[in-house]
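**Student:** Show me how the following folds:
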Amino acid sequence: MTLPPLPMHFIWPEFLWLLLALPLLVLLYVWLLRRKKKNVLRFASLSIVREAMGTGSSIRRHIPPALFLLAIAAMLVAAARPVAVITLPSNQQTIILAMDVSGSMRATDVKPNRLVAAQEAAKKFLVELPRHVKVGIVAFAGSAQVAQIPTLNREDLASAIDRFQLQRGTATGNSIVISLAALFPDAGIELQQANGNRPMPSSRAIDQPAKEKKEFTPVAPGSYNSAAIIMLTDGARTTGVDPLEAAKMAADRGIRVYTVGIGTVDGDTIGFEGWTMRVRLDEETLKAIATKTNADYFYAGSAENLKKVYETLSSRLTVEKKETEISGLLALAAAVLALLSAGLSVAWFSRVL
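**Tutor:** Numbering: from 1, shown residues only. Okay, the predicted model is just below:
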């Protein structure tokens, strides 16, 4: 069983033993106060001294030393090199939107219909993403194809989404494989690999040497932080490669596949121009894809829910939690506390501590 990361741990924990010096400093401070009090008793009238100092002055004189003690504590903790899980801007560079354009997307249970709702939510998602993030579009029905290669041009992406044409079939597995091919164009990723078949040899001249294929080494699922896939669909797979095999390809490359289900979970019959078809959202498979790739599944039962899903994905893909050494932050805090301590001491008592 893998334990969750601790809120904070230390690279050099042995330096924490130095914190035992803090009680000694407190005792030294108390001893100095008592010594000073004995010197004060030499005055003819102690009441005159107390009246001159006042209650406020008595409290204020302890504030600069207390701040300086906190500064020392922060410096000692920084010396132990603490590491904490904090939220930072994501390194995400490329996102592939794989969108279902099967005939069932014309259903009107999501207003005005599933396709239009998906298009509007996707375009709003593009607007909210940071401008440095590239986005590619993959449209899939009975097959999958790249509608727009990854680009920073939001207008080209919006135009590609507006050009969607409804088709028959739902090849969810194909959409993942084609998305991977768009993310890694030089990796030679093909649909045959997801089916466990060897790709067909390419035609080349007899005297042309074959390129050496780099050996592929799987990585931990979700470990590739520079790209992700968001797949939206409203139906179960009817053709194409096994989506779980395609998900394994993504997991082996560290790519997260966030899945979004839209439409009817229990199933519904949709009619169009004289023909009918039965559609059902395969949530079990979508959840399995997300789990296998260390991502998340979202269900959107309405246009408003779909927009919220994309808003959640936008925030999740633009920030990430990671373990980071925070020694610098503690050192900065120590410096600020030390300066504040000296500043107050000079302002109130015309001396440093």
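
**Student:** Let me see the domain layout of the chain.
**Tutor:** In the assignment given by automatic domain parsing, the structural domains of the chain cover 8-85+325-349, 92-195+218-301.

**Student:** quick one: terminal-to-terminal distance for the shortest one?
**Tutor:** What it means is domain 8-85+325-349. Distance between the two ends of domain 8-85+325-349: 39 Å, counting by C-alpha to C-alpha, to the nearest Å.

**Student:** shift numbering so it begins at 48
**Tutor:** Renumbered: residue one is now 48, and that last one reads domain 55-132+372-396.

**Student:** now that domain: how far from the chain's centre is it?
**Tutor:** Averaging C-alpha positions (C-alpha atoms, centre = their mean, to the nearest Å) puts domain 55-132+372-396 39 Å from its chain's average.

**Student:** One more: stretch 348-355?
**Tutor:** The answer for stretch 348-355 is 21 Å, by C-alpha atoms, centre = their mean.

**Student:** and the nearest residue to residue 211 once chain neighbours are set aside, how far is that from residue 165?
**Tutor:** Excluding its sequence neighbours, the residue lying closest to residue 211 (C-beta to C-beta, 6 or more residues apart in numbering) is residue 148, at 4.8 Å. The way it works is simple: take the backbone N, C-alpha and C, and place the C-beta from them, glycine included. To residue 165, residue 148 is 9 Å away according to C-beta to C-beta, to the nearest Å.

**Student:** if you count what's nearby, which of these two comes out ahead?
**Tutor:** Counted by other C-beta atoms under 10 Å, residue 148 and residue 165 do not tie: residue 165 has more neighbours, with 27 against 23.

**Student:** who touches the helix or strand hosting residue 389?
**Tutor:** According to DSSP states H and E, residue 389 maps onto helix 374-396. Residues from elsewhere that reach helix 374-396, judged by C-beta atoms under 8 Å, 6 or more residues apart in numbering: 104, 107-108, 110-112, 114-115, 117-119, 121-122, 124-126, 128-129, 398-400.

**Student:** and that helix, which residues are buried?
**Tutor:** Across helix 374-396, burial judged by 16 or more other C-beta atoms under 10 Å covers 374, 377, 380, 381, 384, 385, 387, 388, 389, 391, 392.

**Student:** again, but for stretch 191-210
**Tutor:** Going by neighbour count (16+ other C-beta under 10 Å), the buried part of stretch 191-210 is 191, 193, 194, 195, 197, 204, 205, 207, 208.

**Student:** dump the residue contacts of the fifth one.
**Tutor:** Counting by C-beta under 8 Å, 6+ apart, residue 197 touches 141, 143, 181, 182, 183, 229, 230.

**Student:** Write down the beta-bridge partners of the residue lying closest to it once chain neighbours are set aside, one by one.
**Tutor:** In space, and not counting its chain neighbours, residue 197 is closest to residue 183: 3.8 Å by C-beta to C-beta, 6+ apart. Beta bridges link residue 183 to residue 143, judged by DSSP bridges.

**Student:** This protein: helices as residue ranges?
**Tutor:** Using DSSP state H, the helices of the chain run over 68-87, 93-107, 110-126, 161-175, 201-209, 219-230, 238-241, 290-299, 330-339, 350-365, 374-396.
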